[in-house]
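Q: Starting from these lines, generate the structure:
(2 chains)
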There are 2 protein chains.
Amino acid sequence: MKQSPPIELVSDPASLAHYGRDWTRFWSPAPSAVAFPTSTQEVVELVHWARQTRTALVPSGGRTGLSGGAVAAHGEVVVSLDRMRESLGLDSAEPSITVQAGMPVGELQRLATEAGWFYPVDWAAAGSSQVGGSIATNAGGIRVLRYGMTRNWVNGLTVVTGRGEVLELNRGLLKNNTGLDLRHLMIGSEGTLGIITEATMALTVPPPEQSVLLLGFTGLEAIMPVFERLRRGLQLSAFEFFDRAAAGYVGARSGKAFPLDPDCPCYALVEFDDPEQGNQDRALALFEELVESGLIADGTLSQSGAQAAELWAWREAISESLAEHVPYKNDLSVRIGRVTQFLSDLDALVACHYPDFEVVWFGHIGDGNLHMNVLKPADWSIEDFHRAGKALSPKVFKLVQEHGGSISAEHGVGLLKRDDLGWSRSAAELSMMSVIRAQFDPDGILNPGKMLPANLLSL
Amino acid sequence: MKQSPPIELVSDPASLAHYGRDWTRFWSPAPSAVAFPTSTQEVVELVHWARQTRTALVPSGGRTGLSGGAVAAHGEVVVSLDRMRESLGLDSAEPSITVQAGMPVGELQRLATEAGWFYPVDWAAAGSSQVGGSIATNAGGIRVLRYGMTRNWVNGLTVVTGRGEVLELNRGLLKNNTGLDLRHLMIGSEGTLGIITEATMALTVPPPEQSVLLLGFTGLEAIMPVFERLRRGLQLSAFEFFDRAAAGYVGARSGKAFPLDPDCPCYALVEFDDPEQGNQDRALALFEELVESGLIADGTLSQSGAQAAELWAWREAISESLAEHVPYKNDLSVRIGRVTQFLSDLDALVACHYPDFEVVWFGHIGDGNLHMNVLKPADWSIEDFHRAGKALSPKVFKLVQEHGGSISAEHGVGLLKRDDLGWSRSAAELSMMSVIRAQFDPDGILNPGKMLPANLLSL
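A: Just a heads-up that it's a prediction; the model follows:
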């Protein structure tokens, strides 16, 4: 007799379609049902049931991921954390906040700010993404340069493993050297080791007022020298990059005029602490020095918060502006010192194999993280373009490997890159990952088919 | 035929005694030999030899540890990194520095400073401790409040596992979400998973000038409110604590007069950014406010770097000043909000069981990290006192457990606390740790008997 599930499963078509996909759109959602546990204990019971019935579970947060990590396309049961979104207490003495994993990251940010503190990890989808999902994917975002990835902010985790055991990892401690740190193994594990049900996240003091410099470079090779000079002179919170093409697409869509000379090969958006007039003066002096050294061709400095937001919009609207051109995207990183050479090698690679393709570049270049977007030529069919993208990928990944980089800087692996993981991780590492996974989830019920190459899963 | 070692082994009595111990003095050094590899490849060959001959290896850095993690007391071969201390390149674009694991941390700090950058993890033994050892033990130190533990600064690691495989973990990348982060598993693993041979460490901009406030509290319960107020008003880099007894022992040894009212129950040393006069004014205003609220009884603010160093000396000389009293030490942490209650519960516990014992407290209280020192009464024998300390430990650890804390905040586990790990980690966690260890070191040749309870090692 097949055991019945410990909590009600929802399986109307709208829910299956909604909870079966994330922001990637390459796979058709096809879960068999969706579960909405309301407590860690209910998650434990779900896992026990799944082990007994050999049911695959897909842990599901806000599903804003871009790698298919939360996609359920093969009859799995989605475990949505939507009904576990409560605050379990903000601790101003620490400061930290403990929340259920289904709380939206935007809500966590709001609660921190209300208490006079600050949760600094931020990205466009922060409002819809959930805390547990942001930890399971180790989300990055726009201020990694200053604050690091989500990993840096996790003081404690409650996790239900694939064995149905509840682990209380690190219990909110700031210092705890008692053996192997399993917490960090869980962060970025994409739901393959356990389901995160609660988390204690560190908070910090709110940063001072920020100013924004928008800079136009004289050439690609000017970016990194400018970055180093500005970093030594100002307290930076972001150093974001985009090329001429990206600015063009944003302008075409918004109808606004780009505030700088539109013919620079690339631009940077620089955000820095501006607690008093002194820092603006210093920024202007640095700017003049950079113009004189021939690195900067044009620039503008925000004079108010509203102007800073207007400048940010040129960076933030890029993804949306490219959407209608069906971009083939890649989220790559290399070490800072390799960025310039890597960019120009990759441009050359695409130009050589696909002279018809336009490549648009933007990203968190201060972290060595580049988002490469190849646009579909208007006269190509989507199918042909996807095929070409698929053929291009190994060439891109090979170049990433040659530059010692990562084929997934902040978006994770999921379904999208699991078979390509070998370009960034060695066989010994992949084998260790699969052994660890088998220990946390001996029956292979947690997010099967995600993160690790299929041929490793049978080990 | 027993295979001969791939590199010369040293076994003169002086070397055996020197390389067989760390800063703990509870175990008699008794290695069979010491190896001094000069490259990652030589470490690989050593590990292969050790597997074939079933030889136990003890990875050894500067051996400034306080938990016996680098002690060789059972005929092991010590693998000293003393001949692998070269810089492999400082990268100012990033900024980071790649070094061989045997480089002293103080040398790393010096190289960073020379290049106009800063390596911020620091502690009394930084000059003798080595980079690899600091990573293997996830060292903390005096500015964790601002900069975090060593873990936060590791961009990449080269490791030779117990299988003799070379892992290039994270290869210096700032962003890399390609599956499980084995780098963080290695950090704090105390030589039980692999031998770290090279590391890429992040650097940062040097902090501005620092000022120091020395404060005398009106009572234990004043510490945390003062900490929160100061943290919101100043950019703190340290918030260190010591009690009246600690100040007394330092004064008795140095012959200097304590600069504050010596009758406050406890004191804090507060270090903060002082880029211009404004912050000193703000610190003074905060100080007056805290005096008015009845939290602070006395205080002094450094007026120069020399004065700041003099004030720091009162905190830094504590360990040395207590040494002649044969302290029974514990390195404990709880969450910030529990510190006050924990301190007073622990005081009561010792007073109840050992009314003759004097307890001296100091530590990194801004991190929730307390160093508890119970002094040997003059008329007790060392043996009786050790026995009493041993009997006291489970009571202390039980209290730590009740407060959800850690029995080893920054010193690690080593030999000293391996059998007590269950007070801070669950059975499920310990079992997972032992399985992972067995994967990285299937023959159990790496630092056997350290970190995990003996009964788990046979799993």
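Q: can you pull out the helices in the stretch 351-459 of chain A?
A: A:382-402, A:427-440, A:454-457 (DSSP state H, counting those that start in this stretch).
Q: of all those helices, which gets the most neighbours per residue?
A: Here the criterion is mean neighbour count by mean count of other C-beta atoms under 10 Å in any protein chain shown, and of those the winner is helix A:427-440, at a mean of 19. Every C-beta, even on glycine, is put in place using the N, C-alpha and C of the backbone.
Q: which residues touch A:G194?
A: A:V159, A:V160, A:T161, A:G162, A:L167, A:M186, A:F440, A:D441, A:L446 (C-beta atoms under 8 Å, 6 or more residues apart in numbering or on different chains).
Q: Quick one: the helices of the stretch 351-459 of chain A as TSV, columns for distance to B:E45 and mean pLDDT too.
A: As requested, the helices of the stretch 351-459 of chain A are exported to TSV (distance: least, C-beta to C-beta, whole Å; pLDDT from 0 to 100):
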stretch	distance to B:E45	mean pLDDT
helix A:382-402	27	93
helix A:427-440	17	96
helix A:454-457	29	60
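Q: Those: which one's closest to B:L399?
A: helix A:427-440 (31.3 Å; C-beta to C-beta).
Q: Need the residues that contact stretch A:296-311.
A: A:209-218, A:222, A:226, A:259-261, A:264, A:269, A:271, A:280, A:283-284, A:287, A:290-291.
Q: let's go with 10 Å and repeat that
A: A:209-219, A:222, A:226, A:256, A:259-265, A:267-271, A:274, A:280, A:283-284, A:286-291, A:312, A:316 (C-beta atoms under 10 Å, 6 or more residues apart in numbering or on different chains).
Q: Show me what A:A202 is bridged to.
A: Using DSSP bridges, the bridge partners assigned to A:A202 are A:S96.
Q: Distance of A:S321 relative to A:N369?
A: Counting by C-beta to C-beta, to the nearest Å, the gap from A:S321 to A:N369 is 19 Å.
Q: Which of those two has more residues huddled nearby?
A: More neighbours surround A:N369 than the other of A:S321 and A:N369, with 27 against 19 (other C-beta atoms under 10 Å in any protein chain shown).
Q: my guess is A:K450 contacts A:L421, does it?
A: No. Contact between A:K450 and A:L421 fails when scored by C-beta atoms under 10 Å: they sit 11.2 Å apart.
Q: what sits in contact with each of these two?
A: Joint contacts of A:K450 and A:L421 (C-beta under 10 Å, 6+ apart) are A:V413.
Q: Spell out which parts of the stretch 201-350 of chain A neighbour chain B.
A: A:202, A:204-206, A:224-225, A:227-228, A:231-236, A:275-276, A:278, A:331-340 (C-beta under 10 Å from any C-beta of the partner chain).
Q: 6 Å - rerun?
A: Residues of the stretch 201-350 of chain A found near chain B, taking C-beta under 6 Å from any C-beta of the partner chain as the criterion, are A:M224, A:E228, A:S333, A:R335, A:I336, A:G337.
Q: so the first one is in which element?
A: Same thing as A:M224. According to DSSP states H and E, A:M224 maps onto helix A:223-233.
Q: Buried residues in that helix, which are they?
A: Buried residues in helix A:223-233, counted by 16 or more other C-beta atoms under 10 Å in any protein chain shown: A:I223, A:M224, A:V226, A:F227, A:L230, A:R231, A:G233.
Q: can you check stretch A:52-70 too?
A: A:55-70.
Q: Correct me if wrong: A:I195 contacts A:V58.
A: No. Applying C-beta atoms under 6 Å as the test, A:I195 and A:V58 come out as separate, 10.0 Å apart.
Q: Could you give the number of residues near whichever residue of chain A sits closest to chain B?
A: Of the residues in chain A, the one nearest chain B is A:H184, at a distance of 3.4 Å by C-beta to the nearest C-beta. Per other C-beta under 10 Å, the neighbour tally for A:H184 reads 24.
Q: Identify all contacting residues around the host helix or strand of it.
A: Taking DSSP H and E as the definition, A:H184 sits inside helix A:182-186. Helix A:182-186 is contacted by residues A:L157, A:V159, A:L169, A:N170, A:L193, B:L180, B:D181, B:H184 when judged by C-beta atoms under 6 Å, 6 or more residues apart in numbering or on different chains.
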